[in-house]
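S.K.: Provided below for reference: sequence and predicted model.
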Amino acid sequence: MKESRYFYVPDAAHQTELPMEEALHALRVLRLQSGDELFLMDGEGTFYRAEVTIAATKHCMYEIKETLPQEKSWRGRIHLAIAPTKMIDRIEWMAEKATEIGFDELSFLNCKFSERKAIRVVRLNKIIVAAVKQSRKPWKPRLTPMISFKEFIAQPRVGHKFIAHCYPELLRKDLFTELQELTDDAPVTILIGPEGDFSLEEVKMAEEKGYQSVTLGKSRLRTETAGLMAVSMAQLVLRK
């Protein structure tokens with residue numbers, strides 16, 4: 001049985017041609033031809049069964065045969081805001097794995113102790129798209145550019161807000177326990193600091209904005225591990 005081929009096509013219902021990168025993969029790697037079946041994913045919750053109509057050198061045209069709305073496998077909305085690591089490959093790995101597990105939004109924070117002040121959004125977006133296709137997630141996580149910590153917490157944000165840190169002098173609750181006690185489907189936002197942690201001032205600023213201090217357990221985790229742990233906890237609690 002031939003494996004189904006999935007392609008990421010934003011606004012697929014209103015298009016008739018695969019994006020350039022997807023077309024080149026379809027034509028040069030998979031060698032699709034007119035009449036072949038393929039599946040499209042728009043990243044907004046819908047798959048489409050389609051058929052190749054024209055397979056040219058750099059263009060792959062399609063016709064939609066069936067619209068396949070998908071059901072989200074978790075409740076609410078999971079938003080991870082994290083300070084990127086100095087070694088960007090570690091945060092790229094985290095973005096890939098968190099996408100496979102399932103979450104809704106990834107933001108990057110520029111904190112006081114951050115060692116990395118810039119990220120390549122285009123490259124990270126490609127990694128996320130590849131993970132969406134590989135794991136066949138109907139929804140593509142939203143990726144937002146780097147923003148200062150102060151700006152991020154100043155933004156109006158509904159739902160449940162948490163900041164994970166390692167300061168024992170501040171009262172912290174267990175994130176997994178707090179998530180289990182949620183009784184609604186409101187959005188969940190979790191902040192993860194840089195390799196040197198948030199500054200004490202940043203934590204207090206976040207608490208003043210309604211963020212609850214939490215711990216991810218007794219182990220001291222690397223930034224990317226903490227990010228993945230936070231997403232995993234939210235998934236375990238919110239999955240349907």
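M.R.: Looks like it arrived, so ask away.

S.K.: helices or strands next to the strand or helix carrying residue 189 in the packing?
M.R.: Here residue 189, judged by DSSP states H and E, is contained in strand 188-192. Applying 3 or more C-beta pairs under 8 Å, 6 or more residues apart in numbering; DSSP states H and E, one finds that strand 188-192 contacts strand 78-82, strand 160-164, helix 223-238. Every residue, glycine included, has its C-beta placed from N, CA and C.

S.K.: in its sheet, which strands sit next to that strand, and in what direction?
M.R.: strand 78-82 (parallel), strand 160-164 (parallel) (DSSP bridges).

S.K.: any chance of JSON lines for the helices and strands packed on strand 188-192, columns mean pLDDT?
M.R.: As requested, the helices and strands packed on strand 188-192 are arranged in JSON lines below (pLDDT from 0 to 100):
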{"stretch": "strand 78-82", "mean pLDDT": "98"}
{"stretch": "strand 160-164", "mean pLDDT": "98"}
{"stretch": "helix 223-238", "mean pLDDT": "96"}
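
S.K.: just say which of these is most tucked in.
M.R.: strand 78-82 (a mean of 25; mean count of other C-beta atoms under 10 Å).

S.K.: can you name the element that comes right after it?
M.R.: Sequence order places helix 88-101 as the next helix or strand after strand 78-82, per DSSP H and E.

S.K.: identify the residues contacting that next one?
M.R.: 80, 82, 84-85, 106, 116, 119-120, 123-124, 127-128, 130-132, 134-135, 137, 141, 222-225, 227-228, 231-232, 235 (C-beta atoms under 8 Å, 6 or more residues apart in numbering).

S.K.: quick one: that helix to strand 188-192, angle?
M.R.: In terms of direction (axes from the mean of the first three to the mean of the last three C-alpha atoms, to 10 degrees), helix 88-101 departs from strand 188-192 by 160 degrees.

S.K.: returning to what we had before: who wins for proximity to residue 146 among the strands paired with strand 188-192?
M.R.: strand 78-82 (10.7 Å; C-beta to C-beta).

S.K.: how about the closest one as CSV, C-alpha atoms only?
M.R.: Extracted C-alpha coordinates of strand 78-82, given in CSV (Å, rounded to 0.1, in the frame of the first residue of the first chain):
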residue,chain,number,x,y,z
ILE,A,78,-0.9,26.1,24.8
HIS,A,79,1.5,29.0,24.4
LEU,A,80,5.2,28.6,25.2
ALA,A,81,7.3,31.7,25.6
ILE,A,82,11.0,30.9,26.0
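
S.K.: contacts for that strand?
M.R.: For strand 78-82, the external contacting residues (C-beta under 8 Å, 6+ apart) are 91, 94, 98, 102-109, 152, 187-193, 223, 227, 230-231, 234-235, 238.

S.K.: okay, the spatially most central residue of the chain: pLDDT?
M.R.: For the chain, the residue nearest the mean C-alpha position is residue 141 (3.8 Å; C-alpha atoms, centre = their mean). pLDDT recorded at residue 141 is 97.

S.K.: surely it and residue 125 touch.
M.R.: No: using C-beta atoms under 8 Å, residue 141 makes no contact with residue 125, being 9.7 Å away.

S.K.: what about the strands in the protein?
M.R.: 6-8, 37-41, 46-55, 60-69, 78-82, 105-110, 142-148, 160-164, 173-174, 188-192, 212-215 (DSSP state E).

S.K.: what sits against the closest residue in space to residue 56 that isn't next to it in sequence?
M.R.: The spatially closest residue to residue 56, leaving aside those adjacent along the chain, is residue 27, at 7.8 Å (C-beta to C-beta, 6 or more residues apart in numbering). By C-beta under 8 Å, 6+ apart, the contact set of residue 27 is 55-58, 60.
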